[in-house]
Structures are given as C-alpha cells and as structure tokens.
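Asks: return atomic coordinates for the entry below.
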Amino acid sequence: MSDLALQGRKGPHRGWLVTACCFFMAIFGWGTVFYGHSLYMSALKLEHGWTTGQISGAISFFWIVGIPMTVTVGGLIDRFGPRLVTATGAILVGSSVIGLGQVTALWQAYLCFAVMAIGYPAVGAVGISATLGAWFDKGLSVAMSFALTGASVGAMLVVPAMARIAEAQGFSQATLVMGGLTVAVVAPLCLIFMSRPVADTVVPTASVPALKHLKATAGMPVFWIIVAASGISLAAQVGFLSHQIPILEERLSRTDAADAVAVTAAAGVIGRFGLGFLAERYDLRAVALVAYALQGIGIAALNLAGDGFWLYAACALSGFVVGCLVILPPLLIRRWLGPDGYGKNYGLLAVFAYLCQGIGPGSMGLIHDWAGVYEPALWYLVALLAVSMVVITRLGPPPPAAGGR
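Replies: The predicted structure follows:
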C-alpha cells in the first residue's frame, strides 16, 4: 500500500485510527520497556547474581544512550512520517528484549539495553506525541491520554505474563515470547496504520533550520523551568518503577510483585484520562502540582506500608499519576511554546528528561547497595518530587498564542 493511500486529511476519524495504533504500540513499548525494567532487574539478579547497582547501572545506561534518538525522532517523524520510524523502533525493542534472555555476561546486558534505548523513543512518548501532534490541535491531551492508556494495559498484561512465563518456563522463554510479539505484531501494524495528514506530508523549504530553532528554544527561561520540573519528577518516577518489583520482593513473591505493578498501572488509567480532561479545562501548573504531590505521597505510603492490602493500596496511589507525569511534559511544551516546531521542542526537552531518568535508577541502586534496603532510597524519591513541586510554581502563565487559558 502506498504512502499516499495511507495518509488522510486532518480530522478526527483518521486521527483516532492512528491513536488506536499508538495505543497498541504503547502496550508493548511500555510493557516490555518502561514497566519491564523492574522485572529484568529482578530476573537478571536471580539468573546471574549481579548486584542491584550493576543492573540499575545498565538501566541508567539505557536512558543515556537513548538521548541522541530522543532528540532526533521528533524531527524524523516530522520529515518522513511515523510508519517506518515506529516500525523500526518496535523491531529494535523486540530484538533487545529477546537478547536479554540470552545474555551470559554483564556487558551483553548493557548492549541489549543500548539497542532497546535506540528503539524506544520511536514507540514511546516522544514518537507518540510527535505522531499525534500532527493530527490533533485542541484535543491532543485527550488523544494522548487514550494512546498512553496502552502503557497501563501493557503493565497490567505484559509484566504479569512475563513473570508467570519466567516462573514456569524460564526468563529466556518469557523474553522470547514478548520480544517476538513486539517484532511480529507491533511492527507490521505500525507499517499499515501509522500515517500523517496529507497537509503535513510536505516539509516547507523555508522552514527554520533545526539548530537555529533549538537554539532559540534553549534561550527561553520558560523552557528550562518545564525541563527542571519534568526532569526531576520523571527521575523519581522512573527510579521507582525500575526498582518496583525488587522493592516489593522484600515483602512479596515475584509474581505477587508483578501483580502489584499491574495494580499500579490500572490506577494510572483513571489518572491518565482524568488528566486528559483536566488539561483542557484547568491550569496545567495546578494539575502538575497535584500530580507531583500524589506521586510523593504514594511512594511515602509504600515505604510505610506493611504487607497485604496497604501495600497494594500504596502502589495504586503512586500509580494514579504515573501516566500524568509522562503526558505532562509534551502538554506543557505545547501550551507554553506553541505548535510551531513542536516535535523539535519536545525532542529537546526529552534529552534532558532522559538524562534525569537515567539518574533515577542508578542513584536508587547506589543508595540500596549502600544501605542494604530500599527505605532510604524511597525517601530520596519523595524529596525529588517535593523539589518538582517547588519548581513548577515558578512557571508563569502561558501566552495566549500558545493556547493558554
């Protein structure tokens, strides 16, 4: 099928079909990567005897290696369209997941995480936001909320399924199944359904050069406030999620811990849709402030909870805003900086967000190895979220031209 045949006029019907494809892509993108990291940490520790610090270092390496692709994937989608970009990302992610089940040395695990890092931005929030940004104007937050609900579904289905397959048949079989599905199912769907509006298929020859545009964006103080608030909060969230199963395994079995991850993600479905509607009606700064506070309270409650019901309840509370913290950065960029050069602007923010997200898992691992338990590391995450709350209060009103209210 030709590229032109797959493209459509900008409007809600074709745009929602693309959103549905993004939803399915997010199931495997987040299930095998974003939420899958904590399962890999637990399994690799058990399989090879590596320390928490060593494996969390590999996850930090993942976020840092992904920076070049993060800053370019928005521009690639803007220029060439989302089909080949997202399909390639799915193939790389699936192949890296399969590879993790076959590693025998620590450097091989680092290599698999590096391949995963190259592919993930295309199937993650950066690729999805760049794709949907071409289809939606006012309704972007709702479309993003729906698409990224696939992330929660991925955590509810993919992570528990991998944990149970690993328990019954071994970790290598679990990665083969889920990595294979990502390559064999997600990549073809991206090639078939991911498209862009006809009006956006031609790149204007008089457009502002990318470096000049990024330099202008980097000169805006408002950009750096958004970067700081988003980066610090995401460092805390990714630090927590990448260690969630090992944290819970101090009090639960691995399969029960994987079920708690599913509870975390299920709560996130409600929060994600709530954000989508609130973002269209209320000040995004207030929404962000509440989201950071709830995440901090949830992690604190998890640290104080015993086992059983209260442990799952704390996971649900922290999970309620997991999707919100992922969706907020592109919404903040869109509202405060406007739609022009949106893919490049968000790609630049994502560079710094990835750096911060890389700090989260690694610093958590170092604190755990130093203390021998996770309690001090969890209080450290609560402190990071408190800093994010302070930073977001420094953001002024959005300019009317950017869609502010």
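Asks: helix or strand: which one has the nearest residue to residue 214 once chain neighbours are set aside?
Replies: Of all residues not flanking residue 214 in the chain, residue 348 sits nearest, at 5.4 Å (C-beta to C-beta, 6 or more residues apart in numbering). C-betas here are computed from N, CA, C, even on glycine. Take DSSP states H and E as the rule and residue 348 turns out to sit in helix 342-371.
Asks: how about the helix or strand just after that helix: buried residues?
Replies: Past helix 342-371, further along toward the C-terminus, the next helix or strand under DSSP H and E is helix 375-392. Buried residues in helix 375-392, defined by neighbour count with 16 or more other C-beta atoms under 10 Å: 377, 378, 380, 381, 382, 384, 385, 387, 388, 389, 391, 392.
Asks: what would those residues look like in CSV with distance to residue 248 and pLDDT?
Replies: Output for those, formatted as CSV (distance: C-beta to C-beta, whole Å; pLDDT from 0 to 100):
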residue, distance to residue 248, pLDDT
377, 14, 94
378, 12, 95
380, 18, 96
381, 15, 96
382, 17, 96
384, 20, 96
385, 20, 96
387, 25, 96
388, 24, 95
389, 26, 96
391, 29, 95
392, 29, 95
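Asks: and for the strand or helix carrying residue 122, what's in contact with it?
Replies: According to DSSP H and E, residue 122 maps onto helix 106-123. Applying C-beta atoms under 8 Å, 6 or more residues apart in numbering, the contact partners of helix 106-123 are 25-26, 28-29, 33, 44, 48, 50, 54-55, 58-59, 61-66, 69-70, 73, 85-86, 88-93, 95-97, 99-100, 102-103, 127, 186, 350.
Asks: what do you get for stretch 245-252?
Replies: With C-beta under 8 Å, 6+ apart, stretch 245-252 has contacts from 38-39, 41-42, 45, 52, 163, 240, 254, 256-258, 260-261, 302, 306-307, 311, 315, 373-374, 378.
Asks: repeat the analysis, applying 7 Å as the threshold.
Replies: Stretch 245-252 has contacts (C-beta atoms under 7 Å, 6 or more residues apart in numbering) with 38-39, 41-42, 52, 254, 257-258, 260-261, 307, 311, 374.
Asks: for stretch 177-186, same thing?
Replies: Contacts for stretch 177-186 (C-beta under 7 Å, 6+ apart): 24-25, 28, 32, 90-91, 93-95, 97-98, 158, 162, 165.
Asks: among the residues you listed, which are in helices?
Replies: 24-25, 28, 90-91, 93-95, 97-98, 158, 162, 165 (DSSP state H).
Asks: narrow these to just the buried residues.
Replies: Members of those classed as buried by 16+ other C-beta under 10 Å are 24-25, 28, 90-91, 93-95, 97-98, 158, 162, 165.
Asks: what about stretch 173-188, start to end distance?
Replies: Stretch 173-188 stretches 23 Å from its first residue to its last (C-alpha to C-alpha, to the nearest Å).
Asks: next, the buried residues of it.
Replies: Going by 16+ other C-beta under 10 Å, stretch 173-188 has these buried residues: 174, 175, 176, 177, 178, 179, 181, 182, 183, 186, 187.
Asks: what's the helix holding residue 348 packed up against?
Replies: Here helix 342-371 touches helix 52-65, helix 67-80, helix 125-133, helix 210-218, helix 221-248, helix 322-337, helix 375-392, going by 3 or more C-beta pairs under 7 Å, 6 or more residues apart in numbering; DSSP states H and E.
Asks: report the buried residues of that helix.
Replies: Using 16+ other C-beta under 10 Å as the test for burial, helix 342-371 gives 342-368.
Asks: where does the stretch 51-200 of the chain have low pLDDT?
Replies: The model of the stretch 51-200 of the chain has pLDDT under 70 over residues 198-200.
Asks: now the nearest residue to residue 243 once chain neighbours are set aside: how far from residue 338?
Replies: Nearest residue to residue 243 in three dimensions, chain neighbours excluded: residue 364, at 5.2 Å (C-beta to C-beta, 6+ apart). Counting by C-beta to C-beta, to the nearest Å, the gap from residue 364 to residue 338 is 36 Å.
Asks: please apply the same query to residue 190.
Replies: 28 Å.
Asks: those two: which has the busier surroundings?
Replies: For residue 190 versus residue 338, neighbours defined as other C-beta atoms under 10 Å are more numerous around residue 190 (27 against 16).
Asks: show me what the helix or strand where that one lies packs onto, helices and strands only.
Replies: According to DSSP H and E, residue 190 maps onto helix 187-193. Judged by 3+ C-beta pairs under 7 Å, 6+ apart, the packing partners of helix 187-193 are helix 12-29, helix 82-100.
Asks: that concludes my questions; thank you for your assistance.
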